[in-house]
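Colleague: Need a 3D model of the following:
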Amino acid sequence: MQPIRIGKLDKRIEIGDVEEIRQPNGRYIEEFVPYHKCWARVHPLSGNEKFAAQQIQSELTHRVEIRYYPGIVPQQKVKYNNRIFDIESVIDIDEQHREMHLNCLEVVERV
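Modeller: Down below sits the predicted model:
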């Protein structure tokens, strides 16, 4: 397999975790905590809509291609602009530690 061409990595992303942070008033809010910032190729794969609990949910799957970086796991998230993607799987292409594909799922809820 050909290594990923640097020119294809044209989107700036952050990989990290979403943590609950306690506010002074005792309430919790979710906050994105970055682990790694890098350039990536964000490639949409498919979409799906379903009706659940009085809401329409759109599920969009994407493949995020990046240069290899150790420690990225499926429990983390990808932040791209104001969008958040759940990482479903992490693939080290050819196990060469050069390129990774993150298969991601973005869930968008609409009322």
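Colleague: Show the contacting residues for Val90.
Modeller: 72-74, 100-102 (CB atoms under 8 Å, 6 or more residues apart in numbering). (Glycine included, C-beta is placed from N, CA and C.)
Colleague: Out of these, grab the one that's most surrounded.
Modeller: Among those, Leu102 has the most neighbours (other CB atoms under 10 Å), with 23 neighbours.
Colleague: can you pull out the strands in this structure?
Modeller: For the chain, strands defined by DSSP state E occupy the ranges 11-22, 28-52, 55-67, 77-80, 83-92, 99-110.
Colleague: about what we covered before: for the contacts of Val90, work out which two are farthest apart.
Modeller: Val73 and His101 (14.1 Å; CB to CB).
Colleague: Low-confidence ranges, this protein, go.
Modeller: Low-confidence segments of the chain (pLDDT under 70): 1-4, 6, 47-58, 107, 109-111.
Colleague: So which residue is dead centre in the protein?
Modeller: Residue closest to the average C-alpha location in the chain (CA atoms, centre = their mean): Val78, at 2.6 Å.
Colleague: Burial check on the nearest residue to that one once chain neighbours are set aside, number of neighbours?
Modeller: Leaving aside its sequence neighbours, Val78 sits nearest to Phe85 (CB to CB, 6 or more residues apart in numbering; 4.2 Å). For Phe85, the count of nearby residues is 23 (other CB under 10 Å).
Colleague: is it true that Phe85 touches Val64?
Modeller: Yes. Counting by CB atoms under 8 Å, Phe85 touches Val64, with 7.1 Å between them.
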